[in-house]
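*Asks:* Any chance you can model this:
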Amino acid sequence: MKTVINLGSIAILLVVFSANAQTNLNNSVAQIQTETTESFKGIRYNFYPNLEAYFDNKTSEFIFKVNGEWIKDKSIPNDYRGYSVYNNYNVPITDYFGEKPFENLAENKKTFPYYSNDRKGKLAAMQAQKKAELKEKGLVMN
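*Replies:* Residues are numbered from 1 along each chain as shown. This next block holds a predicted model:
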């Protein structure tokens with residue numbers, strides 16, 4: 001009889017701890033989703049210098065040029081030969097919230113030039129991005 005009571009107590013404890021762990025997991029997932037949403041506040045577009053394309057964080061669409069016309073689509077066309085947006089350099093555009101980011105393409109290309117995947121290129125790209133941020137804050141003159 002004592003064994004049955006001990007096993008029953010252990011089973012009850014396992015149920016209580018399991019329910020508590022599930023609640024903690026649900027709270028953690030909700031916190032991550034909130035933090036991710038918060039991190040994108042103020043950033044409507046990301047610019048991909050090597051594609052001369054944009055990603056709209058609001059609509060989850062890419063904006064790119066095809067045959068001279070700007071197109072919005074959920075994915076990048078096959079013409080980009082297996083390009084991976086996850087492995088390549090992109091820049092958050094923090095100062096434009098309209099519907100046509102490509103109107104600033106010339107300025108974005110100048111501010112965030114395309115660099116190859118070599119280490120020296122990535123360093124130069126990061127330096128260009130930092131310089132643009134400092135210029136935006138009025139800490140750099142040219």
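*Asks:* Which strand or helix spans Ile71?
*Replies:* Assigned by DSSP states H and E, Ile71 belongs to strand 69-73.
*Asks:* Surely Pro77 touches Val66?
*Replies:* Yes - between Pro77 and Val66 a contact is recorded at 6.7 Å, counting by C-beta atoms under 8 Å. Any C-beta I mention is one placed from the backbone N, CA and C, and that applies to glycine too.
*Asks:* Break down this protein into its helices, ranges please.
*Replies:* 2-39, 105-111, 119-136 (DSSP state H).
*Asks:* Which of those comes out lowest on mean pLDDT?
*Replies:* Least confidently modelled of those is helix 2-39, at a mean of 57 by mean pLDDT.
*Asks:* List the residues that contact Pro49.
*Replies:* 89-91, 108-109, 112-115, 125 (C-beta atoms under 8 Å, 6 or more residues apart in numbering).
*Asks:* try 10 Å this time
*Replies:* 88-91, 108-109, 111-115, 125, 128 (C-beta atoms under 10 Å, 6 or more residues apart in numbering).
*Asks:* so which of those is the most crowded?
*Replies:* Neighbour count (other C-beta atoms under 10 Å) singles out Asn108 as the most crowded of these, with 22 neighbours.
*Asks:* ok, the residue nearest to Gln129 when sequence neighbours are not counted - contacts?
*Replies:* Leaving aside its sequence neighbours, Gln129 sits nearest to Val91 (C-beta to C-beta, 6 or more residues apart in numbering; 5.9 Å). Applying C-beta under 10 Å, 6+ apart to Val91 gives the contacts 45-49, 54, 108, 111-112, 125, 128-129, 132.
*Asks:* Save the residues you listed as JSON lines, and put in distance to Ser60 too.
*Replies:* Shown next, in JSON lines, are the contacts of Val91 (distance: C-beta to C-beta, whole Å):
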{"residue": "Tyr45", "distance to Ser60": "12"}
{"residue": "Asn46", "distance to Ser60": "11"}
{"residue": "Phe47", "distance to Ser60": "16"}
{"residue": "Tyr48", "distance to Ser60": "15"}
{"residue": "Pro49", "distance to Ser60": "20"}
{"residue": "Tyr54", "distance to Ser60": "12"}
{"residue": "Asn108", "distance to Ser60": "20"}
{"residue": "Thr111", "distance to Ser60": "24"}
{"residue": "Phe112", "distance to Ser60": "22"}
{"residue": "Ala125", "distance to Ser60": "24"}
{"residue": "Ala128", "distance to Ser60": "27"}
{"residue": "Gln129", "distance to Ser60": "23"}
{"residue": "Ala132", "distance to Ser60": "25"}
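*Asks:* Nothing else from me, thank you.
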